[in-house]
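Colleague: All I have is the shape, not the residue letters:
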Ligand code: AMP
């Protein structure tokens, strides 16, 4: 099963992606997380990408597209949930072409809809687990609230160290990312519409303002 997940930063896309990945045994491919791994590991790709990420700009296509397409082809047998890519019409076209060339089908498109102001408020409260990117933590949601240990907030799943992403605490970077997302001419909404118009994939649209469990239940019913 191959799935594309769309939703503005802060919509809960990563949280839902982690739930779906677990249930269906898919690879959860998050372009942003791959970049963060490269930055952490001090690779050349990470060094090239860092300044763009910190300021909320897109990493150039010549770096991003081959990186994501290579990861996807490695997950061909297992199936994947792709999150954070495509973020522009150009990336959507590149992905569509690559899928057709490699004979991979797109089965579902999950779109989490959320008002921009709510998404913005949510971004600031999310926390990253140092051990596993698929351990969602958010200080404002009971279902995924970090736990306290020795006076520190730690990951609710594994007790790992938590951190806030620099680009999640910078209002200008958040605004830039949302400008890209909600742009339906060449940005991410244009990519969403591109794939919605492509025959084949079933579209699952959910309201991101609902509770985490309600959203995942809605998604699961339609995936089944
Ligand atoms: P995310 O974790 O999805 O919020 O992504 C964090 C940052 O990584 C973004 O703000 C971009 O700088 C970069 N990034 C992630 N995915 C892409 C993409 N598909 N194209 C370009 N840059 C990306």
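Modeller: Yes, it's here. Since this is a predicted model, take the numbers as computed values, not measurements.
Colleague: Name all residues that make contact with the residue in the chain that the ligand sits nearest to.
Modeller: Here the chain gets closest to the ligand at one residue, residue 32, 2.0 Å apart by CB to the nearest ligand atom. C-betas here are computed from N, CA, C, even on glycine. Each residue near residue 32 by CB atoms under 8 Å, 6 or more residues apart in numbering is listed here: 53, 84.
Colleague: tell me the secondary structure for it?
Modeller: State at residue 32, reduced to three classes by DSSP: H, G, I helix; E, B strand; the rest coil: helix.
Colleague: On the pLDDT front, check it for me.
Modeller: On pLDDT, residue 32 comes in at 96.
Colleague: Make residue 1 into 626 and carry on from there
Modeller: I'll keep to 626 as the first residue from here, and by that count the last item is residue 657.
Colleague: So which residues of the protein form strands?
Modeller: All strands of the chain, identified by DSSP state E, fall at 627-631, 652-655, 705-708, 733-738, 751-754, 762-763, 772-774, 777-779, 787-788, 827-832.
Colleague: Show me the one of these that comes nearest residue 645.
Modeller: Of all the strands of the chain, strand 705-708 sits nearest to residue 645, with 5.6 Å by CB to CB.
Colleague: contact partners of that closest one?
Modeller: With CB under 8 Å, 6+ apart as the criterion, strand 705-708 contacts 627-630, 638-639, 642, 645-646, 651-656, 693, 697.
Colleague: Just give the nearest non-adjacent residue to residue 780, would you?
Modeller: Sequence neighbours aside, residue 754 is the residue nearest to residue 780 in space, at 4.0 Å (criterion: CB to CB, 6 or more residues apart in numbering).
Colleague: ok, what's across the strand from the one you found?
Modeller: Note on residue 754: beta-bridge partners residue 787, judged by DSSP bridges.
Colleague: Contacts only, for it.
Modeller: For residue 754, the contacting residues are 760, 762, 780, 782, 783, 785, 786, 787, by CB under 8 Å, 6+ apart.
Colleague: what pLDDT does it get?
Modeller: Model confidence at residue 754 (pLDDT) stands at 96.
Colleague: State the distance from it to residue 675.
Modeller: Distance, residue 754 to residue 675, using CB to CB, to the nearest Å: 20 Å.
Colleague: just to revisit the earlier point, I'd like the strands of the chain laid out as CSV, including distance to residue 794.
Modeller: Below are these laid out as CSV (distance: least, CB to CB, whole Å):
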stretch, distance to residue 794
strand 627-631, 24
strand 652-655, 19
strand 705-708, 21
strand 733-738, 22
strand 751-754, 10
strand 762-763, 14
strand 772-774, 21
strand 777-779, 15
strand 787-788, 10
strand 827-832, 27
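Colleague: Take the ones you listed and lay them out in JSON lines including distance to the ligand.
Modeller: Listed next are the strands of the chain as JSON lines, based on distance: least, CB to the nearest ligand atom, whole Å:
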{"stretch": "strand 627-631", "distance to the ligand": "10"}
{"stretch": "strand 652-655", "distance to the ligand": "6"}
{"stretch": "strand 705-708", "distance to the ligand": "7"}
{"stretch": "strand 733-738", "distance to the ligand": "13"}
{"stretch": "strand 751-754", "distance to the ligand": "10"}
{"stretch": "strand 762-763", "distance to the ligand": "14"}
{"stretch": "strand 772-774", "distance to the ligand": "24"}
{"stretch": "strand 777-779", "distance to the ligand": "20"}
{"stretch": "strand 787-788", "distance to the ligand": "13"}
{"stretch": "strand 827-832", "distance to the ligand": "18"}
